[in-house]
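K.L.:
Here is my input; please provide its structure:
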Amino acid sequence: MTELIPIGTILALLTNQIMKTAQAAKDVVFEKESFKILAKHLLDIEPVLKELESHHLNDSPATRQALESLENDVKKANNLVDKYKNRGRFYLLIKCRQIVNEIQDVTREIGNALAALSLANIEVLSGISDQVNKIQNEMQRAQLETAQSRVQIVDKLNQGLSDQVFDKEFANDILSEIARAVGVPVEPLEISKEIASFKKEKEEAEDRKERAEVLFLDQVIELLSRADAASDYEEVRRQYFQRLDAVEKYDPREEWIQPFRSFFCCITGNVMVDPVSLCTGTTCERAALENDWFGRGEETDPETGEILRDFSYRPNIRVRQSIQEWRELNYCIKIRSCKTKLISHVDSLVEEALDRMEELVREDSVNKDWVSIGGLTDLAVAMIGGGVVSEDVENKLLVTLKEIIDGHERNKVIFVENHGIEKIVPCLQLDSSVSMAAIELLYEVLRDRSGWNEGFCRTFSQQSDSIAFLVYLVKNPVHETATKKLAEEILMKLCEVDENVIQAAKVNYFRPLIDKVIQGSVPVRISMVRELLTMELDEEKIELLGEEGLIPPLLEMASANIESKEVSLQALVKLSTFHHNKRIFASLGGPTLILKLMFSSHMLAVVVPKCTEILANLSSSGDGIKYMVDRNGAHLELEPVITGLLSFQHNLNSLDVVRKPALRALLGICRAENGLVKSAVLSASGVSVILALLDDSNQEIRELAINLLFLFSQHEPEGVVEYLLKPRRLEALVGFLENSDKGDVQMAAAGLLANLPKSETLLTEKLIELGGLKAIVDIVRSGTIEAKENALSALFRFTDPTNLESQRITVEQGVHPLLTNLLRVDSVTASARAAALLGDLSMRSHELSVVHPKKPRCLCVWFRFTRKRLSVCAAHGGECSVGATFCLLEAEGALDGLVGLLEKKVDATAYEAIQTLSTLVREDSPQRGAHVLHENGAVGPTIEVLRWGSESLKGEALSLLEKVFTRDMVELYGSTARLPLMQLTGRSFFEDGHLQRKAAKVLLLIERYLRSSSTYSVTGLNSF
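P.N.:
Below is the predicted model of the structure:
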């Protein structure tokens, strides 16, 4: 066993490192103030470490872990100092924000580590506790800022890059500002050094595969290189911009500058290429004059017809230069037009632009430079694989780019710097025509005068899917022989590098790697698993790894040395996310091994978090305890597991990387089986443990805690109300209710409230006061259906018929239309609860309804009443509204929705619908309510319930019909109801015949009314 380094030695070494880092930070020239603050804080820590060094510390795991964390953070600070002390000053300026943020972050991390160290040694540091607290608080809350002048320069630069401002004026301006800010003379030699440093930074970013950084630095280099001080422009660039300035006066929509008449040959009628002048001053095309004119014996001036005495001619340099200038102006106009069309991303326009670009590079070799200087190459490269054009146009795009870079090294560099290689990789997997154009372009890019461009080959091989697509092209029978040949030639070149062989295996062939994990030595096994861990593993690959036998050797490695444990468990974390692999893992006894490692007291911190993550994965996606079995398939004893998972939450040494997956695992297990929830609550004091987590600083832990508390409160709500009524606790719960981004959190918070006793009126009042009711109503309005169901249950607390004020506040939140809409959703639970809530509110409507007085003797009083023309509620006989009386009739669509629930023939919803409809029929005056139910078609479906409903539902239906069946209603529905009632009276659904007696009572009522009436009529209904 490795001997542990004494705490005193660690402290001494750490103190020395802090002092060195502090001194180095003070010497950094750039962002001096921020580095000085870091140095000051580091120096402030030294007395604390000296104090600890002078005492005999408790050599606890917490102390060692805190020291290790502090040591790592100090190393980060030291690395940060080293990172920026010798970089180019231009580069440091444009990275000033990032530098300051890095300094701030490392300062805060050191502060956190110091806090952990002081917590582990409270007694030792008691004498300087105030000093320690001050230091750690300052560091944890450090707010560093870079100089505003530098920020303005960086913002200006970034805005220019974003706006694609690459003109000379802006380049000169921004370069001058940067140079002045960092104290560099604006001289070509000095500026070239700074640009060289950018290029070096870009190369390093490419090696690190930081594509965004490479693109950014590439843009900065391109911009600054346009400045006068950056370099002497090549003549071709100077000439292009000279012509470009000249075309600025032309309308941007112009695609062609008409030639002057003097540019045309009077013989051919075409613009001349090699103009020559006769002695008469007439200018002609040399070839036309020699061959077509003089060649056929003409002796006159071809333009004037004048007899020539002198047949000599000479080059017209002025006209030739003018024509060349006109051509070049048209090149610039065409380039400008092409740019507009490319930017449009309209297929037809893009295709026109590409045709024009091919014409340009074929017409004049200078245009290979000019199309790139004009940005067309950049735009074309940016469009590769972007999905902005059709595949046919993309094929044309690749062909055009090949024309542009063919034999042109500078354009190849431009292509690569614009991430052309990265963009071309996806094209290799498209249909045969596109992939063929892509491979031909790629081949041209990778080749140079000496054979292969090693740098470009390396860039291509570093793309994650590059080798995979080459193999695809080589092996796929669909592709043409030429395509396969080029792909194979490139692949063979790349596989000269061992790393690319490994890359090919990682991307396409898992079997060789798995064989090495099975058969290789310990170092080889570890190396191969590490390779796997660096890969992007999608679900298909994860499944394949499991099927091809990776899990058994990983479990074997998990029982070996600590390094093997670490990498194998990391791999198992990834593999255990897939159902099929969970089954394999369980059949091999994986859960038993993981639990043993997880709860071993001597196990290192790197192992336990991975074990808890694996356990969380096994119980995720609704799998619960399905895979919590031994190798024989027998379920494991899970009560100790639950106890252990809960113990991680109140153990001060448990880190969030352990606590979070432990909570996820606990939640998955408890969701699976109700008995385990009860065990967690009663045997392991789960409620008290989880309640404390609602105050945790980690958001995810708090959210997991509320989900668990929702489950636990179904069995043991005791203590929850008391906890929530403490200061700021209920506000936190309301915060969960308001968190619309997390539907599961809303559902759990609402469910927790639903589980708490409705008798806790103080809790109800506080919730109303703090906006909890509003949050619950908002969930009903726009939450997930699961959250809505729990929110509806929680609403019963506020719709208690005995609490009129609470009901009124609830109605003011606009619940009636929400509840009415929920009567029509597919969720039985939501519909049933909505119906019941409407019933709660409807219970008080009779007493709240304002009944109009009878006609008074005084006519003036009666006149005042009749002028108001107030309507009378058909059910309650007075003035009603949703807001004032919670009237069910006034809630638009409510009665239709309740009747609809009866017609759906679902017991749960029909039961609540009947109870709610019953609130409209008062026993002392049933006629009004009966008439309302009749008018709204509720009586017939209620009778139908007697045919299909459960015993309890039929009992509710009979109770309602007993109240509804007045003489008038019997005349309407008596004959319909007799048969189902007679069937019920003929059999007993309960041992005491309760349902039979109720049915008989309603049947006798019908018979009595029918006998007393000579005909079935609806006489009397008109009295309503």
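K.L.:
Give me the helix or strand of this structure that scores worst on average pLDDT.
P.N.:
Lowest on mean pLDDT, DSSP states H and E among the helices and strands of the chain sits helix 859-868, with a mean of 43.
K.L.:
what comes up buried for the helix or strand following that helix?
P.N.:
For helix 859-868, the following helix or strand on the C-terminal side (DSSP states H and E) is helix 882-885. Going by neighbour count (16 or more other Cβ atoms under 10 Å), the buried part of helix 882-885 is 882, 885. Where you see a C-beta, it was placed from the backbone N, CA and C, and this is true even at glycine.
K.L.:
what distance separates helix 882-885 from the middle of the whole chain?
P.N.:
44 Å (Cα atoms, centre = their mean, to the nearest Å).
K.L.:
List the first helix or strand encountered after it toward the C-terminus.
P.N.:
helix 894-904.
K.L.:
For the helix or strand just after that following helix, which helices and strands make contact with it?
P.N.:
Moving toward the C-terminus from helix 894-904, the next helix or strand (DSSP H and E) is helix 907-918. Applying 3 or more Cβ pairs under 8 Å, 6 or more residues apart in numbering; DSSP states H and E, one finds that helix 907-918 contacts helix 828-842, helix 894-904, helix 939-948, helix 951-964.
K.L.:
hey, which of those is tucked in deepest?
P.N.:
With neighbours taken as mean count of other Cβ atoms under 10 Å, those reach their highest mean count in helix 828-842, at a mean of 24.
K.L.:
helices or strands next to it in the packing?
P.N.:
helix 785-795, helix 804-812, helix 815-822, helix 894-904, helix 907-918.
K.L.:
Helices along the stretch 51-200 of the chain, start to end?
P.N.:
Secondary structure of the stretch 51-200 of the chain, counting by DSSP state H, counting those that start in this stretch: helices at 61-85, 89-94, 96-120, 129-140, 148-162, 168-182, 188-207.
K.L.:
Go through those and find the least confident stretch.
P.N.:
Ranked by mean pLDDT, the helices of the stretch 51-200 of the chain bottom out at helix 129-140, with a mean of 68.
K.L.:
returning to what we had before: now the helices and strands packed on helix 828-842 in CSV, with mean pLDDT and distance to H579?
P.N.:
Formatted as CSV, the helices and strands packed on helix 828-842 follow (pLDDT from 0 to 100; distance: least, Cβ to Cβ, whole Å):
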stretch, mean pLDDT, distance to H579
helix 785-795, 93, 22
helix 804-812, 93, 44
helix 815-822, 94, 34
helix 894-904, 93, 35
helix 907-918, 94, 32
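K.L.:
on that earlier part again, out of the helices of the stretch 51-200 of the chain, flag the one nearest E1007.
P.N.:
Set against E1007 and scored by Cβ to Cβ, those come closest in helix 96-120, at 83.5 Å.
K.L.:
Go through the closest one and flag the buried ones.
P.N.:
Those would be 96-97, 99-100, 102-104, 106-118, 120, for helix 96-120 by 16+ other Cβ under 10 Å.
K.L.:
which SS state does the residue nearest the centre of the chain fall under?
P.N.:
The centroid of the chain falls nearest to D741 when counting by Cα atoms, centre = their mean (11.5 Å). Recorded secondary structure, D741: coil (DSSP: H, G, I helix; E, B strand; the rest coil).
K.L.:
next one: phi and psi at it?
P.N.:
Main-chain dihedrals, D741, degrees, to the nearest 10: phi -80, psi -20.
K.L.:
While we're on it, how confident is the model there?
P.N.:
Reported pLDDT for D741: 86.
K.L.:
Columns distance to W326 on top of the helices and strands packed on helix 907-918, output as JSON lines?
P.N.:
Output for the helices and strands packed on helix 907-918, formatted as JSON lines (distance: least, Cβ to Cβ, whole Å):
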{"stretch": "helix 828-842", "distance to W326": "76"}
{"stretch": "helix 894-904", "distance to W326": "79"}
{"stretch": "helix 939-948", "distance to W326": "88"}
{"stretch": "helix 951-964", "distance to W326": "93"}
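K.L.:
wait, which of the ones you listed is closest to C266?
P.N.:
helix 828-842 (89.4 Å).
K.L.:
tell me the average confidence for the closest one?
P.N.:
Averaging pLDDT along helix 828-842 yields 94.
K.L.:
next structured bit after it?
P.N.:
Counting by DSSP H and E, the element after helix 828-842 in chain order, helix or strand, is helix 845-848.
K.L.:
Can you name every helix or strand that that following helix contacts?
P.N.:
helix 882-885.
K.L.:
Let me see the domain layout of this protein.
P.N.:
Per the record, the chain has its domains at 7-146, 149-231, 235-322, 345-496, 508-636, by the TED database.
K.L.:
Would you reformat the ones you listed as JSON lines and include distance to I333?
P.N.:
JSON lines is the format used below for the domains of the chain (distance: least, Cβ to Cβ, whole Å):
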{"stretch": "domain 7-146", "distance to I333": "35"}
{"stretch": "domain 149-231", "distance to I333": "18"}
{"stretch": "domain 235-322", "distance to I333": "5"}
{"stretch": "domain 345-496", "distance to I333": "11"}
{"stretch": "domain 508-636", "distance to I333": "46"}
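K.L.:
Make a markdown table out of the helices of the stretch 51-200 of the chain and add distance to I518.
P.N.:
Shown next, in a markdown table, are these (distance: least, Cβ to Cβ, whole Å):
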| stretch | distance to I518 |
| --- | --- |
| helix 61-85 | 34 |
| helix 89-94 | 48 |
| helix 96-120 | 40 |
| helix 129-140 | 48 |
| helix 148-162 | 51 |
| helix 168-182 | 57 |
| helix 188-207 | 33 |
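K.L.:
Make TSV from the helices and strands packed on helix 828-842 and add distance to E639 to it.
P.N.:
Output for the helices and strands packed on helix 828-842, formatted as TSV (distance: least, Cβ to Cβ, whole Å):
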stretch	distance to E639
helix 785-795	28
helix 804-812	41
helix 815-822	39
helix 894-904	42
helix 907-918	34
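K.L.:
From what I see, L917 and A938 are in contact.
P.N.:
Yes - here L917 reaches A938: they are 5.6 Å apart, a contact under Cβ atoms under 8 Å.
K.L.:
Overlap of the contact sets of the two?
P.N.:
Counting by Cβ atoms under 8 Å, 6 or more residues apart in numbering, the common neighbours of L917 and A938 are 895, 898.
K.L.:
Just want to know which of the two has more residues nearby.
P.N.:
Between L917 and A938, L917 has the larger neighbour count (other Cβ atoms under 10 Å), namely 30 against 24.
K.L.:
quick one: the residue nearest to H816 when sequence neighbours are not counted and D73, what's the gap?
P.N.:
Of all residues not flanking H816 in the chain, A891 sits nearest, at 4.2 Å (Cβ to Cβ, 6 or more residues apart in numbering). Distance of A891 to D73, given as Cβ to Cβ, to the nearest Å: 62 Å.
K.L.:
Distance of the residue sitting furthest away from the middle of the chain relative to T283?
P.N.:
Farthest-out residue of the chain from its mean C-alpha position, per Cα atoms, centre = their mean: R309, at 85.8 Å. Relative to T283, R309 is positioned 18 Å away (Cβ to Cβ).
K.L.:
Please apply the same query to S176.
P.N.:
In terms of Cβ to Cβ, S176 sits 48 Å off from T283.
K.L.:
Which one of these two is surrounded by more residues?
P.N.:
Applying other Cβ under 10 Å to S176 and T283 shows that T283 carries more neighbours, namely 23 against 14.
K.L.:
Next, count neighbours for F264.
P.N.:
Applying other Cβ under 10 Å, we find 18 other residues in the vicinity of F264.
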